[in-house]
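*Asks:* what's the 3D shape of this:
(2 chains)
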Amino acid sequence: MNDSVYTQLLDLACGAFLLAAVVVLWLRQLSSIVQVFALQGVALAAVAGLLGVHEGRWDLLAVAVGIGLLRAGALPHLIRRALAAGTPPPTRHYEEDVSEARETQPLVNVAASLLSAALLTLLAYAVARPLVELDPTPATSALPVGLAVVLIGFFTLVTRRRALAQVVGFLLLDNGITATAFLAASGVPLIVELGVSFDVLLAVLVLQILTTRMRAAFGGTGIDDLRELRD
Amino acid sequence: MTHATTALLLTAPIAVPLATSAAHAATGLRGVRPYRRAHAPRHSAALAHRPPPPRTPAEPARTTGSTAAAGGPATLTGGPPAAPPGPPPFATDGPPAAPPFATGTDTAARPLGTWLGLVSPATILFCGAALAATVPDRGPVTAYGRLLRADALTVWLLLAVGAVAALACAANPSHLAHERADAGAARRYNLLVHAFLAAMSAAVLAANLGVLWIAIEATTIVTAFLVGHRRTRASVEAAWKYVVICSAGIALAFLGTVLIYYAARQAGISEASALDWPTLAAHADRLDPAVTRLAMSLIVLGFGAKAGLAPLHAWLPDAHSQAPAPVSALMSGVLLSVAFAGLLRYKVIADAALGTGYTRTLLAGAALLTLALAAVLLLAQRDYKRMLAYSSMEHMSLIALGTAIGTPLAVSAALLHIAGHGLAKTVAFCASGHILRIRRTARIGRVRGLLAEAPALGTTFGLAVVALLGLPPFSLFASELGLARAGFTAGHGKVVAVALVLTLVSFAALVTRTARMVLGPPPEPEAVADGPVRLGAAAAAPLVAGLVAAAALGVATGPLTRLLSAAGEIIGRH
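*Replies:* Residues are numbered from 1 along each chain as shown, chains lettered A, B, ... in the order given. Below is the predicted model of the structure:
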């Protein structure tokens, strides 16, 4: 693979990665959000795989496969399962869909969310300038994409009012960090990568169990219902 | 010290709690009950999947052996409804009677709980003490390549974790006996508490900054179900906020770590040692300043979230007020400090790369903001467990302020503050658990005349708050004095003066609220008619021991002085 093809493929994968994060902000149906999140996992694995091929490091390819399995397979599966547990069976006649499966009332509406995503991406480019200047290569030039996804993930976490949408926000944040690690330094050492992936998996498991309990205690998974504790 | 002894001393604080936790899981697997919740086996499976800690021959093996012996009768008699043999460990004959004891808990929790529970803290304390005897003189020791490492700071924190864990674990059996928990819930609780201790030890002993991060995130995962232990609306809400805010916050710290790694690789440090703290600290002057600056902001934000510093502090009062009392004690007493110690390690790197000014500004800003928030919210506080939680935020910001001042004296004072706050806050939280049980309310306004109704409990709670206020003879007095002196000597008089004023506001709020709780006539005079509520030796012992230790540390640090100043030298800069 020559350099220009590598650069173009890398930019394509990073573009898909960023686009997936923006689409998550655009969609309201939680099941579609999870689908887009899984596609983002594929894009992330592709970034890692491309770096592995370019540097001729086969261990990186193995890591890419692992990341793909975790972020495009296991994590979306866990969220889908939590989603299925809360969705009532479909009724025959038309009803307004006010169930758990939709992000009905985000704190910031969709148009404003997309505008914020654009601003956050600009911010990421501004912040990442010293990072790119330290070692300008095709990979580090794409670093702002990782930071933009981190910021968009944080934004999702803060503005979405369904428990599972918040989980997706947290995972976007985490995908962004992993992408940053790959683009900046071809990934962190293997032991750290393994530990981090394991922690993320457990954290999502914990959050899944907590949504079940939240449903049992509050009768729903709206974050706005969490009003027991305040000063 | 031979190589094998070192490896043993560094492994045991992680391996023994992990083995204890596994033992609790194993007793559960043997006595399978149909009604067990789905996530309990998943958790034990998760623990089993963890890379097994390199076993050292002597201690872990012995632990598992004694567990098997102790576990036998527990599972045999664990089924309901076996009559509890003998008197309950916690004698109350007060009128607002304690809830009826869950018989299953009593039999299942005691043989495993009381003695096995103390093995892990004792191991951590013992290893800390053994290392304290050699490390200040001969320098840091490492094991397993460069995976585990102990310097003076590690040893100091190990001792703090061990001491607080000993008090909290000693309070566990009486707490469990009074919860209406079944045997399964008690087992899950013990399993998670010991896994929590293992994660904290790992965070303290890790030499690799990536492993440090993994261990700190593991504490969040393990404590999530401890916070949500009661499954009420409030505790589920607290657990959700805790996991979401802490995980997202600490993820930012990981981004910072990744950026440090990037800078280190660009500075020519090899992949294997680019996250190794001693290597990084030695070569930190080669890191790119712009990247390090960005990384350090993220790290202060992220580890600050876990240490209870603003702006990501919102989880703290909820989680600390909803967790069971001994867990609140552990979380408030040492988990905050262990997370802060992570920040201390990065401070050394950032100071060498950027000079001291940058981190100082960040830390001092976060400290003053947190202090102001804590003071305002303490003034309006009506719940005594939340009051203690906000007091933790106040003390963590004082520790952050000491670190911001940054001279060896200031850092030593901050470390002394960590230990003193851990001990005093443990006593306060454990006592608040007993108050909650006797009065069945967490509202400050409804708890009056504690001293008249339960003299021992009222005294220990009152003294713990006196210790938290920073009055002599307790060690927080010595450390606050040290912090103020170091601040004025180093020429940061204005910041210290602002901090002192804010501390005074918190002081006033704590005094008035505690006085209302402890003093005055009891709400129902007839309650005292049949004699005061006795605390019982088993429940009182940890409270008294904690107060005595805090006072002793305040009078003289004795043999620990050298350790403390050595730790101050590692982090502090002249």
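*Asks:* which ones are touching whichever residue of the stretch 401-550 of chain B sits closest to chain A?
*Replies:* Using CB to the nearest CB, residue B:442 is the residue of the stretch 401-550 of chain B that sits closest to chain A, at 11.1 Å. Backbone N, C-alpha and C define where each C-beta goes, glycine included. For residue B:442, the contacting residues are B:321, B:383, B:384, B:385, B:386, B:436, taking CB atoms under 8 Å, 6 or more residues apart in numbering or on different chains as the criterion.
*Asks:* ok, which stretches of chain B are strands?
*Replies:* With DSSP state E applied, chain B shows strands at B:141-143, B:148-150, listed in chain order.
*Asks:* Distance to chain A, mean pLDDT and mean neighbour count added to those strands, as CSV?
*Replies:* Shown next, in CSV, are the strands of chain B (distance: least, CB to the nearest CB, whole Å; pLDDT from 0 to 100; neighbours: other CB atoms under 10 Å in any protein chain shown):
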stretch, distance to chain A, mean pLDDT, mean neighbour count
strand B:141-143, 16, 90, 20
strand B:148-150, 13, 93, 24
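*Asks:* Would you reformat those as a markdown table and include distance to residue B:230?
*Replies:* Formatted as a markdown table, the strands of chain B follow (distance: least, CB to CB, whole Å):
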| stretch | distance to residue B:230 |
| --- | --- |
| strand B:141-143 | 40 |
| strand B:148-150 | 36 |
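*Asks:* quick one: low-confidence parts of the chain?
*Replies:* Defaulting to chain A. By pLDDT under 70, the low-scoring segments of chain A are A:1, A:87-100, A:104.
*Asks:* try chain B instead
*Replies:* B:1, B:30-114, B:180-181, B:524-530, B:574.
*Asks:* Run a quick neighbour tally on residue B:369.
*Replies:* By the criterion of other CB atoms under 10 Å in any protein chain shown, residue B:369 has 15 neighbours.
*Asks:* got the contact list for it?
*Replies:* Neighbouring residues of residue B:369 by CB under 8 Å, 6+ apart: B:309, B:310, B:311.
*Asks:* Can you tell me the centre-most residue of the chain?
*Replies:* Let's take chain A. In chain A, the residue lying closest to the centroid (CA atoms, centre = their mean) is residue A:172, at 2.1 Å.
*Asks:* hm, I was asking about chain B
*Replies:* residue B:334 (2.2 Å).
*Asks:* Who are the contact partners of residue B:488?
*Replies:* By CB under 8 Å, 6+ apart, the contact list for residue B:488 reads residue B:496.
*Asks:* And the longest helix along chain A, what's buried?
*Replies:* Scanning chain A for the longest helix, with DSSP state H as the assignment, gives helix A:190-218. In terms of neighbour count (16 or more other CB atoms under 10 Å in any protein chain shown), helix A:190-218 has its buried residues at A:192-193, A:195-215, A:217-218.
*Asks:* ok, is that helix in contact with chain B or not?
*Replies:* Yes - part of helix A:190-218 sits near chain B under the criterion CB under 8 Å from any CB of the partner chain, namely A:191-192, A:195-196, A:198-199, A:202-203, A:205-207, A:209-210, A:213-214, A:216-218.
*Asks:* Kindly report the same for stretch A:42-57.
*Replies:* No - judged by CB under 8 Å from any CB, stretch A:42-57 stays clear of chain B, getting no closer than 10.8 Å.
*Asks:* neighbouring contacts of that stretch?
*Replies:* Contacts with stretch A:42-57, where a contact means CB under 8 Å, 6+ apart, come from A:1, A:6, A:9-10, A:13-14, A:16-17, A:20, A:58-61, A:63-65, A:67-68, A:71-72, A:139, A:175, A:178-179, A:182-183, A:186-187.
*Asks:* from the residues you listed, which ones fall inside helices?
*Replies:* A:6, A:9-10, A:13-14, A:16-17, A:20, A:58-61, A:63-65, A:67-68, A:139, A:175, A:178-179, A:182-183.
*Asks:* Filter these down to the buried ones.
*Replies:* The neighbour-count criterion (16+ other CB under 10 Å) marks A:6, A:9-10, A:13-14, A:16-17, A:20, A:60-61, A:63-64, A:67-68, A:139, A:175, A:178-179, A:182-183 among the ones in helices among the contacts of stretch A:42-57 as buried.
*Asks:* In which helix or strand does the residue nearest to residue A:16 when sequence neighbours are not counted reside?
*Replies:* Leaving aside its sequence neighbours, residue A:16 sits nearest to residue A:43 (CB to CB, 6 or more residues apart in numbering or on different chains; 4.3 Å). Following DSSP states H and E, one finds residue A:43 within helix A:30-55.
*Asks:* got the angle for that helix vs helix A:190-218?
*Replies:* With axes from the mean of the first three to the mean of the last three CA atoms, to 10 degrees defining the directions, helix A:30-55 sits at 180 degrees from helix A:190-218.
*Asks:* Tell me what angle helix A:30-55 forms with helix A:58-68.
*Replies:* Orientation of helix A:30-55 against helix A:58-68 (the same axes, to 10 degrees) gives an angle of 180 degrees.
*Asks:* buried ones in helix A:30-55?
*Replies:* Neighbour-count burial for helix A:30-55, counted by 16+ other CB under 10 Å, picks out A:30, A:33-54.
*Asks:* From the chain's centroid, how far away is that helix?
*Replies:* Its chain's average C-alpha position is 10 Å from that of helix A:30-55, according to CA atoms, centre = their mean, to the nearest Å.
*Asks:* in the stretch 451-574 of chain B, which spans are helices?
*Replies:* Applying DSSP state H, counting those that start in this stretch to the stretch 451-574 of chain B gives helices spanning B:455-469, B:475-489, B:493-518, B:525-529, B:537-555, B:561-571.
*Asks:* Now for the nearest residue to residue B:304 once chain neighbours are set aside, how many residues are close by?
*Replies:* Nearest residue to residue B:304 in three dimensions, chain neighbours excluded: residue B:366, at 5.5 Å (CB to CB, 6+ apart). Residue B:366 has 25 neighbours, counted by other CB under 10 Å.
*Asks:* hang on, residue B:366 packs against residue B:400?
*Replies:* Yes - between residue B:366 and residue B:400 there is a contact under CB atoms under 8 Å: 6.1 Å.
*Asks:* Now do the shared contacts for the two.
*Replies:* Residues touching both residue B:366 and residue B:400 (CB under 8 Å, 6+ apart) are B:304, B:309.
*Asks:* Could you list the domains of chain B?
*Replies:* Domains of chain B are assigned by automatic domain parsing as B:13-25+B:98-207, B:211-355, B:357-574.
*Asks:* how long is the second one end to end?
*Replies:* Meaning domain B:211-355. The first residue of domain B:211-355 is 26 Å away from its last residue (CA to CA, to the nearest Å).
*Asks:* so how far is that domain from its chain's centroid?
*Replies:* Once both centres are worked out by CA atoms, centre = their mean, domain B:211-355 turns out to sit 14 Å from its chain's centre.
*Asks:* burial of residue B:282, as a residue count?
*Replies:* Here the number of neighbours of residue B:282 (other CB under 10 Å) works out to 14.
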